[in-house]
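Asker: got a sequence here, can you build the structure:
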Amino acid sequence: MTKAGYVAIIGKPNVGKSTLLNVLLGQKISITTNKPQTTRKRILGILSSDNYQIIFLDTPGILTPSYLLQEKMMEEVEHSIQDADILILILDLIEDPDGLKTLQNDFTYKLFMKSKKPRILLLNKVDLTSQEHVKLLMNKINSTQKFERVIPISALENFNIIQVVESIIELLPENPKYYPDDVVSDENERFFVSEIIREKIFEQYKEEIPYSCEVTIEDFKEVEGRKDLIQAEILVEKEGQKGILIGKQGAAIKKVGETARASIEEFLQRPVFLELRVKVKEKWRSDEKVLKSLGYSKWKE
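Answerer: Below is the predicted model:
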């Protein structure tokens with residue numbers, strides 16, 4: 001009998017959830033930047049072996065919503081908690097050296113702790129703190145008996161990742177596999193291409209620009225004997241943001257296109273022609289209709 005199940009990865013923004021997912025899978029399917037709130041939708045990643053299948057759900061970072069888009073992001077987290085067989089909470093030991101204190105009053109965290117499902121706590125970035133501090137914190141958290149496992153890790157340095165997988169396998173329910181072994185995610189190429197472009201925007205621009213942008217793929221054509229044609233639209237909220245995104249004589253948007261195209265070609269393993277356009281849609285992050293068209297209201301259908 002095989003073991004198979006869903007594992008939700010939960011945590012505050014920028015604690016290393018997406019980095020962990022990519023390390024667990026041995027390939028990059030979730031975008032990562034040094035800015036918080038990079039992940040907006042849950043991303044499904046599948047790790048398969050002969051006798052088990054772990055379906056990871058990478059989720060947006062836990063926060064108190066300030067506008068409708070962030071409310072939708074928290075819906076992604078809440079439904080991932082409901083759908084999962086096992087829950088993983090990641091703590092950044094540099095940002096939260098005292099453990100769970102900063103999460104105590106957060107609604108999403110409370111949902112996580114109320115769940116009767118097996119819970120694993122990962123203490124991330126142990127390579128940047130002392131062993132003594134990690135040991136004291138582990139003893140303190142273990143004494144609460146709220147987690148089946150407490151594991152110190154470094155997602156970036158690939159430390160203790162095998163132990164994480166082994167702990168998940170122990171807790172997985174007996175089930176047939178949900179997906180064929182060669183499937184790594186349920187998302188299509190359009191989704192990953194749009195995420196790569198959004199990642200490059202996060203890397204290149206500061207302040208509110210990355211958070212005000214959304215990327216949609218308007219056209220994706222495979223042309224036999226020639227480069228694939230990809231036309232993408234970048235949505236912003238203000239004319240001023242459009243100007244910054246494009247830059248003087250189009251220099252900034254050209255740089256985004258060049259870096260995105262290189263990463264897209266690496267991901268798709270084939271050459272592409274990438275065309276980027278910028279469109280202003282005022283207050284799109286608080287517009288229910290626009291968010292629905294972008295796939296953020298699926299839970300209410």
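Asker: make it CA atoms for all contacts and neighbour counts henceforth
Answerer: Will do.
Asker: list the beta-bridge partners for L121.
Answerer: Note on L121: beta-bridge partners by DSSP bridges are L89, V150.
Asker: pretty sure it contacts F147?
Answerer: Yes - L121 is within contact range of F147, at 6.5 Å (criterion: Cα atoms under 8 Å).
Asker: more neighbours: the two, which one.
Answerer: Just comparing L121 and F147: by other Cα atoms under 10 Å the higher neighbour count belongs to L121, 24 against 18.
Asker: quick one, what contacts that one?
Answerer: 88-91, 147, 149-151 (Cα atoms under 8 Å, 6 or more residues apart in numbering).
Asker: lowest-confidence one in these?
Answerer: Scanning the contacts of L121 for pLDDT, the low point is L91. It has 91.
Asker: with adjacent residues omitted, what lies nearest to the residue nearest to the spatial centre of the chain?
Answerer: Nearest to the mean C-alpha position of the chain, by Cα atoms, centre = their mean, lies T39 at 4.1 Å. Sequence neighbours aside, P60 is the residue nearest to T39 in space, at 4.9 Å (criterion: Cα to Cα, 6 or more residues apart in numbering).
Asker: buried ones in the longest helix seen in the chain?
Answerer: For the chain, the longest helix by residue count, based on DSSP state H, is helix 251-268. Across helix 251-268, burial judged by 16 or more other Cα atoms under 10 Å covers 252-257, 260-261, 263-264, 267.
Asker: on that earlier part again, tell me the phi and psi of the residue nearest to the centre of the chain?
Answerer: T39 has phi and psi values of phi -80, psi 130 when expressed as degrees, to the nearest 10.
Asker: got a list of contacts for the worst-scoring helix or strand of the chain on mean pLDDT?
Answerer: Least confident helix or strand, the chain: helix 107-114 with a mean of 86, by mean pLDDT, DSSP states H and E. By Cα under 8 Å, 6+ apart, the residues outside helix 107-114 that reach it are 62, 74, 77-78, 81, 87, 103-104, 146.
Asker: list the buried residues of that helix.
Answerer: By neighbour count on 16+ other Cα under 10 Å, the buried set for helix 107-114 is 108-109, 112-113.
Asker: ok, back up a step: now for the longest helix of the chain, which elements pack on it?
Answerer: Contacts defined by 3 or more Cα pairs under 8 Å, 6 or more residues apart in numbering; DSSP states H and E place helix 251-268 against helix 189-204, helix 239-246, strand 272-280.
Asker: which among those is found nearest to I162?
Answerer: Among the helices and strands packed on helix 251-268, helix 189-204 comes nearest to I162, with 26.5 Å by Cα to Cα.
Asker: note down every partner strand of the helix or strand just after the closest one and its orientation.
Answerer: Of the helices and strands lying after helix 189-204 in sequence (DSSP states H and E), the nearest is strand 214-221. The pairing partners recorded for strand 214-221 under DSSP bridges are strand 228-236 (antiparallel).
Asker: show the contacting residues for I153.
Answerer: Neighbour list for I153: 122-126, 159-161 [criterion: Cα under 8 Å, 6+ apart].
Asker: which one of these is nearest to E224?
Answerer: Using Cα to Cα, the contacts of I153 come closest to E224 at I161, 41.4 Å.
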